[in-house]
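Colleague: Fold the following for me, if possible:
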Amino acid sequence: MVTTPPDSARSSGWRWAAAGTLIGVAFSLSVFAPARWLAAGLAQWSNGHLQLVNARGTVWNGTAGLVFSSGASGAEAISLPGMLAWTLRPRWDGIAAALDLPCCAAKPLELRGRPRTDGLELDWSNGQSRWPAALLTGFGAPWNTLKLDGVLDLSMQDFVLRWSGSKLTLAGRATLDATDLSSSLSTLKPMGSYRLALEGGPAPTLLLTTREGSLQLSGSGRWSGTSLRFDGEASAAPGREDVLSNLLNIIGRRDGARSLITLG
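Modeller: Model prediction:
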């Protein structure tokens, strides 16, 4: 004799089947999520300044061209040569990422992201990378006016970014060496080489110095957690005033032979 399961048993079975299907779909989406989803998320998060072009693969393993842009509809955009390859790996306390950029780093750049109760923490592993100064043009004003050329060497030591709500705190050290910089606003090529050093801590500081060159730059700044206040000045070495006059008029407020630079 065949007995028919009660309605409650059939209903329960269907619920378990539906739940299993949803879990399977969610797992497949998380594992095989296309790389273009990551590209869309990055573009939205950066307001269009960082773009992954022709993204292939998945969110977890993929490749794409890397473009620095002045915005989603900005006219200025600079593409790095070659391709960016990335890997993302979930961890018990967050996620680990490795960014392989043969054009700009001898070995993959590694970072870890950790969610916080009120924000996010990004921990960059110690490393060095080299970037073309021309990529700054993609970020719009004032870089698209200066149109810099040269080499940017970035070094990080125990560098950590921590977001707590709208406040950003910094730990560790980051140093940017700009070598043989030139600008479309001056016929003097190169104008000089410079160092920008960021020291994290309770009151992070920024220090700009001139390593060598006819354009003399100096200044210091302080990060408050929500904004940067920077005061600096630019001047021309003796005998170079005429060839650098146009540039000095644009990068700051003229005060005699000096150009005063104020941010924030």
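Colleague: pLDDT weak spots in the stretch 151-264 of the chain?
Modeller: Nowhere does the stretch 151-264 of the chain drop to pLDDT under 70.
Colleague: Walking through it, point out its strands one by one.
Modeller: Under the criterion DSSP state E, counting those that start in this stretch, the stretch 151-264 of the chain contains strands at 167-183, 192-199, 205-213, 215-223, 228-236, 253-255, 258-263.
Colleague: Tabulate those (a markdown table), appending mean neighbour count.
Modeller: C-beta coordinates here come from the backbone N, C-alpha and C atoms, glycine included. Listed next are these as a markdown table, based on neighbours: other Cβ atoms under 10 Å:
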| stretch | mean neighbour count |
| --- | --- |
| strand 167-183 | 18 |
| strand 192-199 | 18 |
| strand 205-213 | 16 |
| strand 215-223 | 19 |
| strand 228-236 | 17 |
| strand 253-255 | 12 |
| strand 258-263 | 16 |
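Colleague: any chance of the ones you listed in CSV, plus distance to residue 79?
Modeller: Listed next are these as CSV, based on distance: least, Cβ to Cβ, whole Å:
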stretch, distance to residue 79
strand 167-183, 21
strand 192-199, 24
strand 205-213, 28
strand 215-223, 28
strand 228-236, 28
strand 253-255, 34
strand 258-263, 28
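Colleague: Of all those strands, which one is nearest residue 60?
Modeller: With Cβ to Cβ as the measure, strand 167-183 is the member of those nearest residue 60 (27.2 Å).
Colleague: Measure how the closest one sits relative to strand 205-213, angle-wise.
Modeller: Interaxial angle of strand 167-183 relative to strand 205-213 (axes from the mean of the first three to the mean of the last three Cα atoms, to 10 degrees): 10 degrees.
Colleague: Just list what strand 167-183 packs against, helices and strands only.
Modeller: Applying 3 or more Cβ pairs under 8 Å, 6 or more residues apart in numbering; DSSP states H and E, one finds that strand 167-183 contacts strand 148-164, strand 192-199, strand 205-213, strand 215-223.
Colleague: how would you label residue 37: helix, strand or coil?
Modeller: Of the three states, residue 37 takes helix according to DSSP: H, G, I helix; E, B strand; the rest coil.
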